[in-house]
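> got a predicted model here, sequence first, then my questions.
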Amino acid sequence: MKMRRPLVAGNWKMNGLKASLAEFGRIVEGYDAALKDRADLLVCPPATLLAAFAGARGDVGVGGQDCHAKPFGAHTGDIAAEMLADAGAGAVIVGHSERRQDHRESNGQVRAKAEAARRAGLVAIVCVGETRAEREAGQALDIVRGQLEGSIPDGATAGDLVVAYEPVWAIGTGLTPTNEDIAEMHTALRAALKARFGEAGEGFRLLYGGSVKPDNATEILAVADVDGALVGGASLKAESFIAIARAY
Ligand code: PEP
């Protein structure tokens, strides 16, 4: 039995049309009493589907994939955390590596987004992770600790913030770190959280993300200090997403 309640979160990225409501319905159906006993389930669809998913979510949480730091204003195409909450979200992913890479988001911006999430009453899922070059250069721990330090607001609590360790080279590639490497990173992140937040650092959930599939979920989720998973590709199908959640 894990000391923190596990969270299995799905990141649908830029995938899904209205017809995907049926697939989401199968996820809601699959989240049965036995699963509810074991883990929280969250799906982060594209913003266009958020309100529809929220209306059909049962006990499955729904979340956004990004938010702006400001509550409103002249920011064409952006979405405020308050708007996500208004559409029924309970959480938002911030600092995903695709945002850090494609939109050049800095740790400071990610931190401001995590603050915005708290202001709007959303749980922020803050993503950190090294590139392949950084791992090969032996810098993974330092890089990820630096991202954690820079991306997490001072007032964060275990109730409003979750950390997701997602090695960039493992996302969507089918590659995963060894269990030893995952354990080393999660232990380092736990130590950094405790150094910053004291004993309260024990409470933050630390997710692993990067090519989690039904066939590797059991061993990854058994690693100490892995409190759940952030799942991309395999969260698009109810069958594989529920199978991963059942790995607990
Ligand atoms: C992700 O993008 O958050 C992710 C973990 O993707 P995948 O599971 O497809 O590697």
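Received, thanks.
> my guess is residue 247 meets residue 213, correct?
No. If you go by Cβ atoms under 8 Å, residue 247 and residue 213 don't touch, sitting 10.0 Å apart. (C-beta placed from N, C-alpha, C; glycine too.)
> quick one: low-confidence parts of the protein?
Across the chain, the ranges flagged by pLDDT under 70 are 1-2.
> relative to the ligand, which residue of it is the closest?
Proximity of the chain to the ligand (Cβ to the nearest ligand atom) peaks at residue 232, 2.1 Å away.
> phi first, then psi, for the nearest residue to that residue once chain neighbours are set aside.
Nearest residue to residue 232, sequence neighbours excluded (Cβ to Cβ, 6 or more residues apart in numbering): residue 11, at 5.1 Å. Dihedral pair for residue 11: phi -110, psi 110, per degrees, to the nearest 10.
> how about the one 4 residues further on?
Note on residue 15: its backbone torsions stand at phi -140, psi 140 [degrees, to the nearest 10].
> show me what the helix or strand hosting residue 117 packs onto, helices and strands only.
Residue 117 belongs to helix 107-119 when assigned by DSSP states H and E. In terms of contacts (3 or more Cβ pairs under 8 Å, 6 or more residues apart in numbering; DSSP states H and E), helix 107-119 is packed against helix 81-86, strand 91-94, strand 123-128, helix 140-151.
> which strands border the second one, and is each parallel or antiparallel?
Based on DSSP bridges, the pairing partners of strand 91-94 within the sheet are strand 61-64 (parallel), strand 123-128 (parallel).
> other SSEs contacting the longest helix that the chain contains?
Determined from DSSP state H, the single longest helix within the chain is helix 179-197. In terms of contacts (3+ Cβ pairs under 8 Å, 6+ apart), helix 179-197 is packed against helix 140-151, strand 161-165, strand 205-209, helix 214-221.
> one step back: the residue of the chain closest to the ligand and residue 174 touch, don't they?
No. Using Cβ under 8 Å, residue 232 and residue 174 do not qualify as a contacting pair, with a distance of 11.4 Å.
> okay, those two: which has more neighbours?
residue 232 (20 against 10; other Cβ atoms under 10 Å).
> got the contact list for the more buried one?
By Cβ atoms under 8 Å, 6 or more residues apart in numbering, the contact list for residue 232 reads 10, 11, 13, 171, 172, 209.
> angles on the backbone of the residue nearest to the third one when sequence neighbours are not counted, please.
The reference is to residue 13. Sequence neighbours aside, residue 232 is the residue nearest to residue 13 in space, at 6.3 Å (criterion: Cβ to Cβ, 6+ apart). Main-chain torsions, residue 232, degrees, to the nearest 10: phi -90, psi -100.
> measure residue 232 to residue 166 for me?
9 Å (Cβ to Cβ, to the nearest Å).
> report the set of residues contacting both of these two.
Residues touching both residue 232 and residue 166 by Cβ under 8 Å, 6+ apart: residue 209.
> export the helix or strand harbouring residue 98 as PDB, just CAs?
Under the criterion of DSSP H and E, residue 98 resides in helix 97-102. The C-alpha trace of helix 97-102 is given here as PDB (Å, rounded to 0.1, in the frame of the first residue of the first chain):
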ATOM      1  CA  SER A  97       8.200  19.300 -22.300                       C
ATOM      2  CA  GLU A  98       6.200  19.900 -25.500                       C
ATOM      3  CA  ARG A  99       5.300  23.300 -24.100                       C
ATOM      4  CA  ARG A 100       8.800  24.000 -22.900                       C
ATOM      5  CA  GLN A 101      10.200  23.000 -26.300                       C
ATOM      6  CA  ASP A 102       7.600  24.200 -28.800                       C
END
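> buried residues, that helix. List them.
Within helix 97-102, the residues that count as buried by 16 or more other Cβ atoms under 10 Å are 97, 98, 99, 100.
> residues making contact with it?
The contact list for helix 97-102, computed with Cβ under 8 Å, 6+ apart, reads 13, 66, 105, 106, 110, 127, 129, 166, 168, 171.
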